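Visitor: I would like the atomic coordinates for the input below:
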Amino acid sequence: MATDEVRLTARISGVVQGVGFRYWTARKADELMLKGTVRNRSDGSVEIVAEGPAADVDRMLAWLNSSDAPGRVENVESDVSKATGDFKDFRIVG
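Guide: Predicted coordinates for the structure are as follows:
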């Protein structure tokens, strides 16, 4: 694992379930070669955990906050920390 690798943990709220949000988020993560998971939460939000080079994680966060993200993103709560290397690929779970 490279030393500049970080972990993004984000909770996205708005109209983000039932609109292909997890699918398109996984495709974007694949494009950026990030590893992690995306899942629906019971409160209607979506949770993303993504690891990779800091610049690519920044690109993912910028995409989540842009009009390119599917549905209607109203809020992105995010935290960036040191990557753990727990993931082998990016998956849609739950």
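
Visitor: tell me the contacts of residue 73?
Guide: With contact set as CB atoms under 8 Å, 6 or more residues apart in numbering, residue 73 has these partners: 12, 13, 14, 16, 64, 65. For glycine as for every other residue, the C-beta is placed from the backbone atoms N, C-alpha and C.

Visitor: now residue 6: which helix or strand?
Guide: Take DSSP states H and E as the rule and residue 6 turns out to sit in strand 5-15.

Visitor: name every strand pairing with that strand and say which way it goes.
Guide: strand 46-53 (antiparallel), strand 72-82 (antiparallel) (DSSP bridges).

Visitor: list the buried residues in that strand.
Guide: 5, 6, 7, 8, 10, 11, 12, 13, 14 (16 or more other CB atoms under 10 Å).

Visitor: any idea of the mean pLDDT for that strand?
Guide: Here strand 5-15 scores 98 as its mean pLDDT.

Visitor: repeat for stretch 71-83
Guide: 97.

Visitor: now do that stretch: distance to the chain's middle.
Guide: Offset of stretch 71-83 from its chain centre (CA atoms, centre = their mean, to the nearest Å): 7 Å.

Visitor: not counting its own residues, what contacts the strand holding residue 6?
Guide: Residues contacting strand 5-15 (CB under 8 Å, 6+ apart): 21, 36, 41, 43-54, 57, 60-61, 64, 69, 71-85.

Visitor: could you give the separation of it from the chain centroid?
Guide: 5 Å.

Visitor: alpha carbons only: can I get it in CSV?
Guide: What follows is strand 5-15 as a C-alpha-only set of coordinates in CSV (Å, rounded to 0.1, in the frame of the first residue of the first chain):
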residue,chain,number,x,y,z
GLU,A,5,-3.2,6.2,0.3
VAL,A,6,-6.2,7.5,2.3
ARG,A,7,-9.7,6.3,3.3
LEU,A,8,-12.8,8.4,2.6
THR,A,9,-15.8,7.7,4.7
ALA,A,10,-18.8,9.6,3.5
ARG,A,11,-22.5,9.7,4.2
ILE,A,12,-24.6,11.2,1.4
SER,A,13,-28.1,12.4,1.9
GLY,A,14,-30.8,13.6,-0.4
VAL,A,15,-32.6,11.7,-3.1
